[in-house]
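Visitor: My questions concern the predicted model and sequence given below.
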Amino acid sequence: MDTIFAEASPPGRGGITVVRLSGPSARKAAEAFAGPLPDARRSYLRKLRDGDDLIDHALVLWFEEGHSFTGEEVAELHLHGAPVIADRLARGLLSQGLRRAEAGEFTRRAFLNGRMDLAEAEGLADLLSAETEAQRKLAMKATDGELGKITDQLRHDLIRAGALIEASIDFADEEVPEEVPVEVYELIDRVRAQISEMLCSYPATERLRQGYEVAIIGPPNAGKSTLLNRIAQREIAIVSDIAGTTRDILELRTDLHGLPVTFLDTAGLRDSADPVEAIGVQRATTRARGADIRIHLSEDGLFTGELLKGDLVVRSKSDVSSGGDLEISAMTGKGIAELLELVYDELRSRAADSGLIGNKRQAEALGRARADLEDIDHIAPELLAERIRGANFSLAEVVGKIGAENYLDEIFSSFCIGK
Ligand SMILES: Nc1nc2c(ncn2[C@@H]2O[C@H](COP(=O)(O)OP(=O)(O)OP(=O)(O)O)[C@@H](O)[C@H]2O)c(=O)[nH]1
Ligand SMILES: [K+]
Ligand SMILES: [Mg+2]
C-alpha cells in the first residue's frame, strides 16, 4: 500500500496549512523531517528540516494504525499557511517515495478499512459541499451511521424470517404441504413497511440536498426582474419598461433562513413573433414547471396557466395600484419580507419530510429490497426464501457492505483532494 499525502486545508494562503500523510510509512516520513515522535495523538512543535534546509516550524502529530481517520498510520503536519512552504515539503515527501493523494483517497481508504460505511462516506461528501444550515444538518445525520444501524436491524429480521422458512422446509412431513409460519409474514410485512416509510421521505430529502428552485413568472413588465433585484439587494437583472426585456433565465442563489433557495427570473410570458424572445418564453415555461414553487406575478393579481401546490399568486406594483390577497412593491420593498416568509414556510414544511435516505443509489437499492418483499402471499417456501436472500443482499448494498466496488470511483471523485 502506498503512503499518500495531500494538503487537507484549502489551497492558498491562510493561518496554517495542514498536510496529511497516510499509509504504512506515514510516521517514518514525518520523522524524517521532524525527528522522533514518541507518542501518538499528541502534538509536538518541531523544526521541519530536509537535510540542512529548515522548511518550517510546525506542529506535528501522528495516529496509530486502527486509530486514525483512514484506519492507517496517519501523520499531520501543521505548517505556516504559505503555498511555498507546502510545496517545499511536498518535494521532500516525494523524494521519500510518498505520492500525492487522489481526490477522496483518504475517505476511500477509511471506507475500505471499515472506518465508515458507504452511506457515511456519501454523507461526508454532502457535508463538505453543504451550503446552508439545513443541508449541514441533513448531511451530519448521514455521517452518523444511523442508516447502517437501521438496515442492520432490517437484515436481522429477514435473516430470522429466512431461518424460520428453512426450518419449516426441513421438518415438513412429505405427505403434508409445507406451510410457511405466520411469523415469517409478520417479519416481512414489518420490514417492507419500514422500507416504504424510508423511501417515502426520499424525494423530500433529495430536494433539500439539491436546493430548491422558486421561479418568478408572469406577463411582460409585471416587475419580475425588479423583484429579483429587490431580493438580491443588487442589480442582477436588466429592468426596463420595454416588454420582453428578459430572455435568459437568471439565477439568484440564496440562503433563506438556512434553506438553499435559488430564485429564477424568467422571460415574460406572451406569444412573440421575435424568435429569440419565443425561445426565452419556452425556456421560462419549462423551467418554471420543474421548479418547487412558482411566484405568479402580475399587475392585476391574476394568473394564466397552471397553479401547482405551494404556488403563490402575487400582485405587483402595489405602490401605484392595489387589490388582491398578496401584493408587493418591488420599488418600495413593501410586502417583500412577507412574500419571502411564505416561500420559506412552504419549503420548510417540505424539508421537514426529509429522512435518512440520502441519494439515488441508496434509494434504488432499497427499492430493489422492497420489490423482493412484495406479492409474496402464495409463493412456495423455497421461492420465498430466495426473495428474502435477494432483499437482504439489496439492504447490504444500501450501506456498501456488498457491491460497493461499482460506486467507489463515482463517489470518491466527488471529493476534493485532501479529503
Ligand atoms: N411603480 C412601480 N413600478 C415597478 C415596480 N416593479 C417594476 N416596476 C416597473 O415596471 C417596469 C417593468 O419592470 P421589469 O422588472 O423589467 O419587468 P419584467 O416582468 O421583468 O419584464 P420582462 O422582463 O420584460 O418580462 C419597469 O419600468 C419597472 O421600473 C413596482 O413595484 N412599482
Ligand atoms: K420589462
Ligand atoms: Mg424581466
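Guide: Received it, and whenever you're ready, just let me know what you need. Ligands and ions are numbered 1, 2, ... in the order given.
Visitor: list the contacts for whichever residue of the chain sits closest to ligand 1?
Guide: When scored by C-beta to the nearest ligand atom, the chain has G268 as its residue closest to ligand 1, at 2.5 Å. Heads up, the C-betas are built off the backbone N, CA and C, glycines and all. Shown in contact with G268 (C-beta atoms under 8 Å, 6 or more residues apart in numbering): G218, P219, P220, N221, A222, K224, A243, G244, T245, T246, V281.
Visitor: elements contacting the helix or strand bottoming out on mean pLDDT in the chain?
Guide: Here the helix or strand of the chain ranked lowest by mean pLDDT, DSSP states H and E is helix 405-413, holding a mean of 86. Applying 3 or more C-beta pairs under 8 Å, 6 or more residues apart in numbering; DSSP states H and E, we find helix 405-413 packed against helix 105-112, helix 118-129.
Visitor: which regions of the stretch 101-250 of the chain sit below the pLDDT cut-off?
Guide: Within the stretch 101-250 of the chain, the stretches with pLDDT under 70 are 170-178.
Visitor: In contact with the residue nearest to the spatial centre of the chain, which residues?
Guide: With distances taken as C-alpha atoms, centre = their mean, the residue of the chain nearest its centroid is D126 (3.7 Å). Counting by C-beta under 8 Å, 6+ apart, D126 touches Q135, L138, A139, A142, R209, G358.
Visitor: could you redo the last one with a cut-off of 6 Å?
Guide: A139 (C-beta atoms under 6 Å, 6 or more residues apart in numbering).
Visitor: Quick check: residues of the protein near ligand 2?
Guide: Residues of the chain lying close to ligand 2 by C-beta under 5 Å from the ion are N221, T245.
Visitor: ok, which stretches of the stretch 1-150 of the chain are helices?
Guide: For the stretch 1-150 of the chain, the helices defined by DSSP state H, counting those that start in this stretch occupy 26-34, 83-95, 105-112, 118-129, 133-142, 146-170.
Visitor: Those into CSV, with extra columns for distance to G333?
Guide: Below are those laid out as CSV (distance: least, C-beta to C-beta, whole Å):
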stretch, distance to G333
helix 26-34, 57
helix 83-95, 45
helix 105-112, 46
helix 118-129, 33
helix 133-142, 25
helix 146-170, 43
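Visitor: Residues of the protein that sit close to ligand 3?
Guide: By C-beta under 5 Å from the ion, the residues of the chain that approach ligand 3 are K224, S225, T245, T246.
Visitor: before we move on, the earlier item: and the angle from the least confident helix or strand of the chain to helix 105-112?
Guide: Angle of helix 405-413 versus helix 105-112, following axes from the mean of the first three to the mean of the last three C-alpha atoms, to 10 degrees, is 150 degrees.
Visitor: What residues sit buried inside helix 405-413?
Guide: Within helix 405-413, the residues that count as buried by 16 or more other C-beta atoms under 10 Å are L408, I411, F412.
Visitor: same question, stretch 346-360
Guide: For stretch 346-360, a neighbour-count test (16+ other C-beta under 10 Å) marks E346, L347, R350, A351, S354, G355, L356, I357, G358, N359 as buried.
Visitor: Just the closest residue of the stretch 101-250 of the chain to ligand 2, please.
Guide: T245 (3.6 Å; C-beta to the ion).
Visitor: Run a quick neighbour tally on that residue.
Guide: Neighbours of T245 under the rule other C-beta atoms under 10 Å: 17.
Visitor: Can you name the residues that contact it?
Guide: Taking C-beta under 6 Å, 6+ apart, we find T245 in contact with I238.
Visitor: got the end-to-end distance for stretch 63-74?
Guide: With C-alpha to C-alpha, to the nearest Å applied, stretch 63-74 spans 5 Å between its terminal residues.
Visitor: what sits up against that stretch?
Guide: S22, G23, A26, R27, A40, R41, F106, R109, A110, N113, R115.
Visitor: Would you mind measuring from the residue of the stretch 101-250 of the chain closest to ligand 2 to A222?
Guide: Remark: distance between T245 and A222 (C-beta to C-beta, to the nearest Å) = 11 Å.
Visitor: Following element in sequence after the strand or helix carrying E186, please.
Guide: Assignment of secondary structure by DSSP states H and E places E186 within helix 182-200. For helix 182-200, the following helix or strand on the C-terminal side (DSSP H and E) is helix 202-210.
Visitor: quick one: contacts of that next one?
Guide: Here helix 202-210 makes contact (C-beta under 6 Å, 6+ apart) with L138, R350, A351, D353, S354, G355, I357, A363.
Visitor: Give me the buried positions along that helix.
Guide: Y202, A204, T205, R207, L208, R209.
Visitor: would you list those in JSON lines and tack on distance to D52?
Guide: Output for the buried residues of helix 202-210, formatted as JSON lines (distance: C-beta to C-beta, whole Å):
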{"residue": "Y202", "distance to D52": "60"}
{"residue": "A204", "distance to D52": "61"}
{"residue": "T205", "distance to D52": "57"}
{"residue": "R207", "distance to D52": "59"}
{"residue": "L208", "distance to D52": "56"}
{"residue": "R209", "distance to D52": "52"}
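Visitor: filter the residues you listed by proximity to ligand 1?
Guide: With the criterion set as C-beta under 6 Å from any ligand atom, no member of these is near ligand 1.
Visitor: Tell me the one of those residues nearest P275?
Guide: Set against P275, the nearest of these by C-beta to C-beta is R207 (34.2 Å).
Visitor: List the buried residues for the longest strand along the chain?
Guide: Looking across the chain with DSSP state E, the single longest strand is strand 53-63. Buried positions in strand 53-63, judged by neighbour count with 16+ other C-beta under 10 Å: I55, D56, A58, V60, L61, W62, F63.
Visitor: same question, stretch 362-370
Guide: Q362, A363, A365, L366, G367, R368, A369, R370.
Visitor: Filter those down to the ones in helices?
Guide: Residues of the buried residues of stretch 362-370 located in helices (DSSP state H): Q362, A363, A365, L366, G367, R368, A369, R370.
Visitor: Now render the contacts of G268 as CSV, adding secondary structure.
Guide: Converted to CSV, the contacts of G268 look like this (DSSP: H, G, I helix; E, B strand; the rest coil):
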residue, secondary structure
G218, coil
P219, coil
P220, coil
N221, coil
A222, coil
K224, helix
A243, coil
G244, coil
T245, coil
T246, coil
V281, helix
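Visitor: For those residues, which single residue is the most surrounded?
Guide: Most surrounded of these: other C-beta under 10 Å gives K224, at 31 neighbours.
Visitor: Now do the contacts for that one.
Guide: Neighbour list for K224: I216, G218, D265, L297 [criterion: C-beta under 6 Å, 6+ apart].
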